[in-house]
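Student: I'd like to go over a predicted model; first the sequence, then the structure.
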Amino acid sequence: RSVHPPLGPTPSQSRFQVDLVAEPGGGGSSEGANVSFQNGGDTVLSEGSLHSGGHHHYYYDTHTNTYYLRTFGHNTMDAVPRIDHYRHTAADLGEKLIRPSLAELHDELDKVSGPRGDGYANGEEGTPAGDAAASYTPDSKGIVKFGWIKGVLVRCMLNIWGVMLFIRLSWIVGQAGIGMYTGLSVVVIAMATVVTTITGLSTSAIATNGFVRGGKATFIWLFKSLSFLKYCFICTLFVFFSLLSGGAYYLISRSLGPEFGGAIGLIFAFANAVAVAMYVVGFAETVVELLKENGTLMIDEMNDIRIIGAITVVILLGISVAGMEWEAKAQIVLLVILILAIGDFVIGTFIPLDSKKAKGFFGYKAEIFMENFGPDFRNEETFFSVFAIFFPAATGILAGANISGDLADPQSAIPKGTLLAILITTLVYMGIAVSVGSCVVRDATGNVNNTIITELTNCTTAACKLNYDFSSCQKECHYGLMNNFQVMSMVSGFAPLISAGIFSATLSSALASLVSAPKIFQALCKDNIYPGFQMFAKGYGKNNEPLRGYLLTFLIALGFILIAELNVIAPIISNFFLASYALINFSVFHASLAKSPGWRPAFKYYNMWISLVGAILCCIVMFVINWWAALLTYVIVLGLYIYVTYKKPDVNWGSSTQALTYLNALQHSIRLSGVEDHVKNFRPQCLIMTGAPNARPALLHLVHAFTKNVGLMICGHVHMGPRRQAMKELSTDLAKYQRWLIKNKMKAFYAPVHAEDLRDGGQYLMQAAGLGRMRPNTLVVGFKKNWRQSDMRDVETYINLFQRRGWKDSNTTTVEKRQAFFTFLLNHTFTLLISVFLLYSILHIYLKDRKISAIQSPSSPLNLADQRLLDASSQFQKKQGKSNIDVWWLFDDGGLTLLIPYLITTKKKWKECKIRVFIGGKINRIDHDRRAMATLLSKFRIDFSDIMVLGDINTKPKKENIAAFEEMIEPFRLHEDDKEQEVADKMKEDEPWRITDNELELYKTKTYRQIRLNELLKEHSSTANVIVMSLPVARKGAVSSALYMAWLEALSKDLPPILLVRGNHQSVLTFYS
């Protein structure tokens, strides 16, 4: 069929893409044709076979070219389900496609022009021009995916069978004995197996709950010839390691979150660095033993171990940095060497040569088995100290999960391979423990002259029964289970093969740890959880190698190598690995407890309570092994957890911590809904009409001073204007300003709403904001400082917001019941308007764009006015020092006017401020009123520094202040007496906010009271940090908006920040217990 290129832009210009599939035969309108689209090996077909293939598919710009995927017999841009819509943006497995949004589905069809028949949108066929529009199809050539045997089983077995198998297991048998009841070797192994099995189940659950980030396996072929005086052979060691991208760190951090993940990431990286030292010391011990047998020690055993260990770790560092990569099945070769070494030992147990009897090896003997059945702890060793030395032998269970990205089917391979590896290695450990305990005595001299010629009466050991007298070992011996770490080499049929096994196990494990520790640390640093370690996130070369991490790991390993004692290094590693395993188990318990819909492990054979038992068991074992090391680990983890919690890194991994936080919040909110309010538990839950939160910092910080950790704070933002534009702003502002609140450590919520005007928006917020009992009960608004220059209809709306005028159509009863208390912030030192501009009333400056540009450009110098404005906007962020909060409790509104100042003084920045209380009274009862108020405050248990009774509130104010008030209201007066009746009535109807002569005369006393109160405030409270005062109440419909605003203006003129408060006259304070 002919192909025509589209007329629109290339696919690279489109926001999302839809496949167009070439159909076989016929035109674009043919019915019944099967359509398929493929990507990355995933095939999805419509209306036909789900497995047919071979079709071409391309991507189109659906916004401009109007090509639609034909799936249901008609043209549509609605995407069908496919895996590419669910990929991460940076996924390696295929290109992420973006499905059209619901709004685009609604709107885009209206933009389509031209006739649409059965074919494509414009009646034409089309395919993209050139290769640029070809679909992404990952090249499968050269990509090797491992099955569960090679990818998981072999790796886990190689990591588990390590240095402890060959050079410490026999010593553990000598110390702990063989048996299950009186001997403890099997118990040691079984206990380690229980821990690793539970952890393996938990790991399988986490690893099968989606893709775990992992690296690709690379291999190093290390060819080394070793020649000794007595043994001369060449060992070819294929040493492998996995380039880990996080391992246990990713398992824990992506499950539990950055708090625990960051802590355990550092600990796990450090544990791997110390593990390098353990494996290298194990290797060096074997080499030194061979040198000792041939009498070629350089200095002494301890220093030789240090020298050889240091040289070895330098060589391993060079190999790691050089990164010699060979694609080979090196792990199979290593496993074969280890299996041959184990087989060599087993065969050797059946060949008890006479030359080996002096060293304590007699073959399988019942006498030896019975003697070694029970424990014989020496040199202050205990069961748990022996367990601590053995446990690193069981710490290879994460090897498969670490390379999950290289597994063909990780959801099946990880559980199957990990658990089977644990089973096989446990049986081998137990088998070798029983075998060596049945063949070798605990103490032997190595002297062939210690054979017994005549029967000894005082010798009852197994060796005596086998005609050997090792009684001299009570002083010092060099052979036997207790004294010789190379028992397996001595027992084996061919000792060099055991040495090869030890070299394979130790060097491969050391190299794996040397690579994994920097990789884990690099992954941790890339997440920027600890900014101080950011320098270690940098990678070098095409493989992004963490060279700085290599150097750090090398220095840590070298430091522990200098200890040169395997029995000292192993418990340290056990402690850290147990901490890691405890958190892996806890991750599964935590994720199950959170009941997140995203927790859907493909591996079903786990139990949250068993995982919890595993976590507790790990913690207990840590403490019993070494209480101070465990305590130190706990302190480190807790300290790192607190640090990360405090710093709050900007990461979102969908962790179970988030899920459990939501679940707890939901459950507690529902539980709280069933509890009736009680006056003792009242707390202000504020809805602040801030608009954009960052536009009103002073208002926000003052309210935050008495709601932080006490009550709810919601920043209400009313968007007005065209609905379509406002809805777009709502979605962007919600995330933007909530992040701003979090960044500025404001414990508040941001709630935007669209409405025709401020009053409706406030009404919507007061009715709908909050959840259950977590609803606003206190409204906070800023003072409209520019009311005299504004449209008076806006002033009417502003006053209606808090006077609830005109709310009858909005269920007044419900609103009154729900909105229990109303608080209004009237701030004359600095005020915050509905716009984004600040006003500074002392200077009476209305700074618009000039003010904003000055504040946003720190480099530009600020003039005096701007600087004072900036200082005023941030004054509540500063420590307030020793000053006063003056409370003018003129009317009893239920106690809210007194409660808010008390809550403010409980905060750190305000704790040095003292509360002074001002009340009205009669001149002849001042002492009585003061004592009565002091008694009331003491019953409320509220501290105060002074109580002042004002007996002259009703005194007529000064003439100049009355004149200033009359001058202020003059533009808003109606002057109906100077107009005809009809003209005055018409003007009042059109402009209801105007002040009539009758109204002014009727409320003359109240007007004088506001002016007089301002005079008293200036006299007594001009130096206060904040003034809290009862809000004047105007009769609804009787007092015009202009007169009420003039009252508030006159009351708060030229004063420090003043908070006018009016409760709904329900008690919020009580003196009953």
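Tutor: Great, that's in hand. Numbering: from 1, shown residues only.

Student: all contacts plus neighbour counts: C-alpha atoms, from now on.
Tutor: Fine.

Student: residue 279 touches residue 504, doesn't it?
Tutor: No. Counting by CA atoms under 8 Å, residue 279 sits too far from residue 504 to count as a contact (10.6 Å).

Student: what about the two, which has more around it?
Tutor: Shown here are residue 279 and residue 504; by other CA atoms under 10 Å, residue 279 has more neighbours (30 against 27).

Student: can you pull the contacts of residue 726?
Tutor: Residues near residue 726 by CA atoms under 8 Å, 6 or more residues apart in numbering: 719-720, 754.

Student: buried residues in the strand or helix carrying it?
Tutor: Using DSSP states H and E, residue 726 sits within helix 723-743. Counting neighbours by 16 or more other CA atoms under 10 Å, one finds that the buried residues in helix 723-743 are 726-727, 730, 733-734, 737-738, 741.

Student: ranges for the strands of the stretch 601-750 of the chain?
Tutor: Along the stretch 601-750 of the chain, counting by DSSP state E, counting those that start in this stretch, strands occupy 686-689, 713-719, 749-754.

Student: contact partners of stretch 697-708?
Tutor: 684-686, 688, 690, 693, 713, 746-747, 782, 825, 832, 872-877, 900-901, 903-904, 907.

Student: run through the residues that contact residue 336.
Tutor: Taking CA under 8 Å, 6+ apart as the definition, residue 336 has no contacts.

Student: any idea how far residue 305 is from residue 564?
Tutor: Using CA to CA, to the nearest Å, we find residue 564 at a distance of 6 Å from residue 305.

Student: ok, these two, which is more surrounded?
Tutor: Under the neighbour definition other CA under 10 Å, residue 564 and residue 305 were set side by side, and residue 305 has more, 28 against 25.

Student: and for the residue lying closest to residue 447 once chain neighbours are set aside, the neighbour number?
Tutor: Spatial nearest neighbour of residue 447, chain neighbours left out: residue 358 (5.5 Å); criterion: CA to CA, 6 or more residues apart in numbering. Residues near residue 358, counting by other CA under 10 Å, number 23.

Student: surely residue 358 touches residue 440?
Tutor: No. Applying CA under 8 Å, one finds residue 358 not in contact with residue 440, separated by 10.5 Å.

Student: from residue 757, how far out is residue 720?
Tutor: 6 Å.

Student: before we move on, the earlier item: can I get the buried residues of helix 723-743 in JSON lines with pLDDT and distance to residue 1034?
Tutor: Shown next, in JSON lines, are the buried residues of helix 723-743 (pLDDT from 0 to 100; distance: CA to CA, whole Å):
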{"residue": "726", "pLDDT": "80", "distance to residue 1034": "34"}
{"residue": "727", "pLDDT": "82", "distance to residue 1034": "36"}
{"residue": "730", "pLDDT": "85", "distance to residue 1034": "35"}
{"residue": "733", "pLDDT": "86", "distance to residue 1034": "36"}
{"residue": "734", "pLDDT": "87", "distance to residue 1034": "36"}
{"residue": "737", "pLDDT": "89", "distance to residue 1034": "35"}
{"residue": "738", "pLDDT": "89", "distance to residue 1034": "36"}
{"residue": "741", "pLDDT": "89", "distance to residue 1034": "35"}
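
Student: closest to residue 653 among those residues?
Tutor: Lowest distance from residue 653 to these (CA to CA) belongs to residue 738, with 18.4 Å.

Student: looks like the closest one contacts residue 749 (just checking).
Tutor: Yes. The pair residue 738 / residue 749 is scored as a contact, 6.6 Å apart, by CA under 8 Å.

Student: returning to what we had before: find the residues that touch each one of residue 564 and residue 305.
Tutor: By CA under 8 Å, 6+ apart, the residues touching both residue 564 and residue 305 are residue 281.

Student: which SSE is immediately downstream of the longest helix belonging to the chain?
Tutor: In the chain, with assignment by DSSP state H, the single longest helix is helix 258-293. Per DSSP H and E, the first helix or strand lying C-terminal to helix 258-293 is helix 301-322.

Student: with that, I have no additional questions.
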